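*Asks:* Sequence plus predicted model, see below.
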Amino acid sequence: MKSFQQLKKLLWLDACAAVAACLGVVLFKKFAQPYLLLPPNLLTAMALIALLFACYSFHLVIRKAQSRQWVALLVVGNSIYALFCLGLAGYFCGEATALGVLYLLFDAAIVGSLAYLEWKAWIRWFS
C-alpha cells in the first residue's frame, strides 16, 4: 500500500508542477522572452504540452483503478519530453541566452527526475 501512496503523491506532484509550468510560461512569456531569447511560439507550445501533461496526470490521480499501461505512458511521455528539452537546449545554444538554455535544461532535469521517480514507484507498485 505504501508504494501505491508514493505513486499517487508523485502523480499529484507531476500534475501540480505541470500546471505551475504552464501558468508560469503563459503569465510571464512576454516579460521573460527578451531575457531567454527563445521563440515565443516555442514557449507557447511548451505551455500547451505542460497543460496536456497536467490533464493526464490529474486523470491518473482521480482514476479508481490504476493501470500499468496508463502510468507507463506518463513515464515514457515525461522521458521523451525531457530528451526533447535537452535537444532544444542544444539546438538553441547559439541563439538563446544562457538563461534561455538554462531554462530548457532545468525543465529537462525536473521532468526527467519525475519520470525516474515515477518509474521507480511504478516498478514497486506493479511488480
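*Replies:* Structure's in. What do you need?

*Asks:* neighbouring contacts of whichever strand or helix holds residue 54?
*Replies:* Residue 54 is part of helix 40-62 when elements are defined by DSSP states H and E. Helix 40-62 has contacts (C-beta atoms under 8 Å, 6 or more residues apart in numbering) with 8, 11-12, 14-16, 18-19, 21-22, 25-26, 29, 32-33, 36, 66, 70-71, 73-74, 77-78, 81, 88, 107. From N, CA and C alone the C-beta is placed, and that goes for glycine too.

*Asks:* same question for it, mean pLDDT?
*Replies:* Helix 40-62 shows a mean pLDDT of 94.

*Asks:* What is whichever helix or strand comes after it packed up against?
*Replies:* Using DSSP H and E, the next helix or strand after helix 40-62 towards the C-terminus is helix 68-91. Counting contacts by 3 or more C-beta pairs under 8 Å, 6 or more residues apart in numbering; DSSP states H and E, helix 68-91 packs against helix 2-36, helix 40-62, helix 98-126.

*Asks:* so which of those helices gets nearest residue 92?
*Replies:* Shortest distance between residue 92 and those, using C-beta to C-beta, is found for helix 98-126: 6.4 Å.

*Asks:* Compute the inter-axis angle for the closest one and helix 68-91.
*Replies:* Going by axes from the mean of the first three to the mean of the last three C-alpha atoms, to 10 degrees, helix 98-126 is angled at 160 degrees with respect to helix 68-91.

*Asks:* Buried residues in helix 98-126, which are they?
*Replies:* 100-101, 103-104, 107-108, 110-112, 114-115, 117-119, 121-122, 125 (16 or more other C-beta atoms under 10 Å).

*Asks:* Just list the residues touching the residue most central in space within the chain, thanks.
*Replies:* Central residue of the chain (C-alpha atoms, centre = their mean): residue 111, 4.1 Å from the mean position. Contacts for residue 111 (C-beta under 8 Å, 6+ apart) come out as 78, 81, 82, 85.

*Asks:* Buried ones among the contacts of helix 40-62?
*Replies:* The neighbour count (16+ other C-beta under 10 Å) marks 11, 14-15, 18-19, 21-22, 25, 29, 32-33, 36, 66, 71, 74, 77-78, 81, 88, 107 as buried among the contacts of helix 40-62.
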